[in-house]
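Visitor: Predicted model follows, preceded by the sequence.
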Amino acid sequence: MAAGGGGGGSAGGCGGTPLSPGPLLPPLLLLLALPGGAVPAADTVVLGLRLEESTKPAAAAAAAEGAARGPIRLTEGSEALLRLYGLGLGPRAAERVAFAELRPGGNASSGNATCQERSQDLVVRPGPAEPRDTSALLRVWVQPLRKDERAKTYVLCSQRRPGLPWLPHQGPDGHVVVLEEKKSLLPLWLQVILIAGLLVLSGMFSGLNLGLMALDPMELRIVQNCGTDKEKRYARRIEPIRRKGNYLLCSLLLGNVLVNTTLTILLDDLIGSGIGAVVASTIGIVIFGEIVPQALCSRHGLAVGANTIVVTKFFMLVTFPLSYPISKLLDCILGQEIGTVYNREKLVEMLKVTEPYNDLVREELNMIQGALELRTKTVEDVMTPLQNCFMINSDAILDFNTMSEIMESGYTRIPVYEDERSNIMDILYVKDLAFVDPDDCTPLKTITKFYNHPVHVVFHDTKLDAMLEEFKKGEEGAWRCCFLPFPSFWLGAKFQGGFALQSWSCPCQGSQEWPRCQENE
């Protein structure tokens, strides 16, 4: 009779944990207690089976499921070394042991029906000799599975002596599961090359997504007009595809997802572990596919985008069936991409913030700022307070001291007031004094009445751009003086009734708001 389910352990992988003789003692004692007192010397009794080694490891998932007691897992096409435990083994063990296929839904208790059809898928040959007949080593050659098979289970069958029926080993530890060999998708060298190439493509897509999308069409047009020769060349190459912003974005994102997914699949096939593939792909993509390329393209996006324009166009063509319809849908929903447009306030602030990095001097920055604020500021904001203006009384005599004071002031147009400074009556042009002799002590009224220069009066809320146009229309093409209406209640006591605006040589020349002008005398 065949022995019952033995205590032999089985390995879930290539090798197994050495089997302790403890589990085998109860079956041995039971056999010795049978009638007759002992097993006949010619009989063979198999108590257990253990995997010693295999030329091919079992699948990782199957090995992880292996337990101390359970079926042995082998890989198709492998050669395994199995150890038998029992009685009366010795050199004849290979002749009295075989394997039979366990049909779906069948079990080892089906008896002779299972072992009558012994399988040739597991070829048993004698292994190295053992000194005692309680243990024997067998070499088993595992034949490949059929194409439609992923796994197959076999049961250990033993014959106690020639002429007796073959009986299956009871219990799961007498089962052998043959698993399909996991074949690599590609050769190892090709997988390594593809993984390296996919990491490069992942980094390129990630970097271009940041670098190209940060270059809006408006900025590219600016670079084409005022950049360096190299920048102009780069901008001309990028601008056609950048105009199709949503199409470019969809193509880059689809390419990036495709590359990262393929990379994970190849790593899983190469490593053989799902968790290992996830960890390896995460580390590789984060370092080489995100951090490094984005740090590079955030600073040199124009150059990188221009030099990889061919690859970008290729992937735009490859992803066209999917990315183009999505981009058109985004165009309909989001509208046309205009780019970054700066209003006056933002443009002035941008000039101020970038002052340490641009080549503008302070005076140029002041003039640009003043020109941009022409339409928002009024004459009240930029004109010189009346008390700070250089003025002359209408009763003054043009003697040497008076004319010296006028010349030392440095102004070409001087307001003339009567009685009080807010009562401005005339304008004195310094050029009118060219033929005046200080020794003649000519009254100032004589000169002002002779030339009779008009005094321009404007309201305090007049915009600077309108005022500039009025100045351009002045007589003789010259900049004229103008005054705010002098009643103090119009402007408030702070301004003392009015302001005066002269040309570049008048007291307002220190104002940062007023642009540089040139007087045409």
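Guide: Now that the structure is in, tell me what you want to look at.
Visitor: which secondary structure elements does whichever strand or helix holds residue 80 contact?
Guide: For residue 80, the host element (DSSP states H and E) is strand 79-87. Applying 3 or more Cβ pairs under 8 Å, 6 or more residues apart in numbering; DSSP states H and E, we find strand 79-87 packed against strand 45-54, strand 135-142. For glycine as for every other residue, the C-beta is placed from the backbone atoms N, C-alpha and C.
Visitor: so which of those is the most packed in?
Guide: Neighbour counts (mean count of other Cβ atoms under 10 Å) averaged over each of these peak at strand 45-54, with a mean of 23.
Visitor: State the mean pLDDT of it.
Guide: Mean per-residue pLDDT for strand 45-54: 87.
Visitor: now stretch 82-92
Guide: Over the span of stretch 82-92, the pLDDT mean works out to 87.
Visitor: Buried residues, it. List them.
Guide: 82, 83, 84, 85, 86, 87, 88, 89, 90, 92 (16 or more other Cβ atoms under 10 Å).
Visitor: So the third one versus residue 262, what's the distance?
Guide: Looking back up the chat, that one is residue 84. Plainly put, residue 84 is 47 Å away from residue 262 if you go by Cβ to Cβ, to the nearest Å.
Visitor: tell me which element the residue lying closest to residue 298 once chain neighbours are set aside falls in.
Guide: In space, and not counting its chain neighbours, residue 298 is closest to residue 210: 5.9 Å by Cβ to Cβ, 6 or more residues apart in numbering. Per DSSP H and E, residue 210 falls inside helix 188-214.
Visitor: same question, residue 459
Guide: In the assignment (DSSP H and E), residue 459 maps to no helix and no strand.
Visitor: Just give me the neighbour total for it.
Guide: 12 (other Cβ atoms under 10 Å).
Visitor: what's the distance between it and residue 466?
Guide: 10 Å.
Visitor: Walk me through the domains of this structure.
Guide: 22-179, 188-334, 377-510 (automatic domain parsing).
Visitor: can you tell me which of those domains the model trusts least?
Guide: For the domains of the chain, where the average pLDDT is lowest is domain 377-510, sitting at a mean of 73.
Visitor: wait, isn't residue 123 in contact with residue 154?
Guide: No: between residue 123 and residue 154 there is no contact, the gap being 11.8 Å when judged by Cβ atoms under 8 Å.
Visitor: Compare those two and say which is more crowded by neighbours.
Guide: residue 154 (25 against 14).
Visitor: That one looks like it's in a strand, true?
Guide: Yes: in this structure, residue 154 lies within a strand as judged by DSSP: H, G, I helix; E, B strand; the rest coil.
Visitor: Please look at it and residue 175 and confirm they touch.
Guide: Yes: the criterion here is Cβ under 8 Å, and residue 154 meets it with residue 175 at 6.9 Å.
Visitor: quick one: common contacting residues for the two?
Guide: Counting by Cβ atoms under 8 Å, 6 or more residues apart in numbering, the contacts common to residue 154 and residue 175 are residue 102.
Visitor: And residue 82, how far from residue 48?
Guide: Here the distance between residue 82 and residue 48 works out to 11 Å (Cβ to Cβ).
Visitor: nope, residue 418 is what I was after
Guide: 130 Å.
Visitor: can you dump the C-alpha coordinates of stretch 326-336 into CSV?
Guide: Extracted as CSV, the C-alpha positions of stretch 326-336 are listed here (Å, rounded to 0.1, in the frame of the first residue of the first chain):
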residue,chain,number,x,y,z
ILE,A,326,-8.4,67.4,-29.0
SER,A,327,-6.6,70.6,-29.9
LYS,A,328,-9.5,71.8,-32.0
LEU,A,329,-11.9,71.1,-29.2
LEU,A,330,-9.7,73.1,-26.9
ASP,A,331,-9.5,76.0,-29.4
CYS,A,332,-13.3,76.1,-29.6
ILE,A,333,-13.6,76.1,-25.8
LEU,A,334,-10.7,78.3,-24.7
GLY,A,335,-10.5,80.5,-27.8
GLN,A,336,-7.5,81.8,-29.6
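Visitor: Name the residues of that stretch that are buried.
Guide: 326, 327, 330.
Visitor: Can you name the residues in contact with it?
Guide: By Cβ under 8 Å, 6+ apart, stretch 326-336 touches 244, 246, 247, 249, 250.
Visitor: among these, who's most crowded?
Guide: Most surrounded of those: other Cβ under 10 Å gives residue 250, at 23 neighbours.
Visitor: If we ignore the residues flanking it in sequence, what's nearest that one?
Guide: Nearest residue to residue 250 in three dimensions, chain neighbours excluded: residue 323, at 3.7 Å (Cβ to Cβ, 6+ apart).
Visitor: And the next helix or strand past the one helix or strand that neighbour maps to?
Guide: According to DSSP H and E, residue 323 maps onto helix 320-334. Counting by DSSP H and E, the next helix or strand C-terminal to helix 320-334 is helix 344-353.
Visitor: Show the subsequent helix or strand relative to that following helix.
Guide: Next along the chain from helix 344-353, counting by DSSP H and E, comes helix 362-372.
Visitor: Alright, I will stop here.
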